[in-house]
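>>> okay, sequence plus prediction incoming.
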Amino acid sequence: MALVVCTMCGRAFINGPQGENICSACTMKLQDLYPVVRNFLRDHEKASYTVYDISRILGIPPRHVEALVSMRMIDTDRPERALREDSRRTPKITPLDPQTTEELLKKKGGS
């Protein structure tokens with residue numbers, strides 16, 4: 001165990017045996033966002049998205065999506081998602097309203 005800085009919020013904390021560099025408060029936020037991102041990807045499984053596409057469409061910070069990927073909560077190795085960048089189209093989807101996004105980010109001990 002060592003003192004590390006959370007890659008999400010910048011707070012210092014003592015990391016546990018998992019060795020993640022994300023504090024427990026940010027981990028809880030990510031666990032709340034995970035179903036939103038998972039459901040979006042499941043509902044649009046034939047399309048291919050970048051971290052920034054998902055961030056823009058769902059109205060959440062890119063680093064939150066990147067953290068879900070780095071924690072292996074989001075699978076990036078599915079071959080059907082590996083479409084060429086120039087042939088990929090992002091569907092017109094209305095992003096979450098700002099109030100819902102803010103509630104998700106602040107839920108369970110947010111800052």
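Yep, it's here.
>>> drop to CA atoms for contacts and neighbour counts, all remaining ones
Fine.
>>> residue 9 contacts residue 26, correct?
Yes - with contact defined as Cα atoms under 8 Å, residue 9 and residue 26 form a contacting pair (7.3 Å).
>>> and these two? which has more neighbours close in?
residue 26 (23 against 12; other Cα atoms under 10 Å).
>>> now that one: which helix or strand?
Residue 26 belongs to helix 24-43 when assigned by DSSP states H and E.
>>> give the next helix or strand downstream of that helix.
Following helix 24-43 toward the C-terminus (DSSP H and E): helix 51-58.
>>> got the angle between that following helix and helix 24-43?
90 degrees (axes from the mean of the first three to the mean of the last three Cα atoms, to 10 degrees).
>>> helix 51-58 - contacts with which helices or strands?
Judged by 3 or more Cα pairs under 8 Å, 6 or more residues apart in numbering; DSSP states H and E, helix 51-58 is in contact with helix 62-70.
>>> outside of the helix it packs on, which residues touch it?
Helix 62-70 has contacts (Cα atoms under 8 Å, 6 or more residues apart in numbering) with 8, 30, 34, 51, 52, 54, 55, 74, 75, 76.
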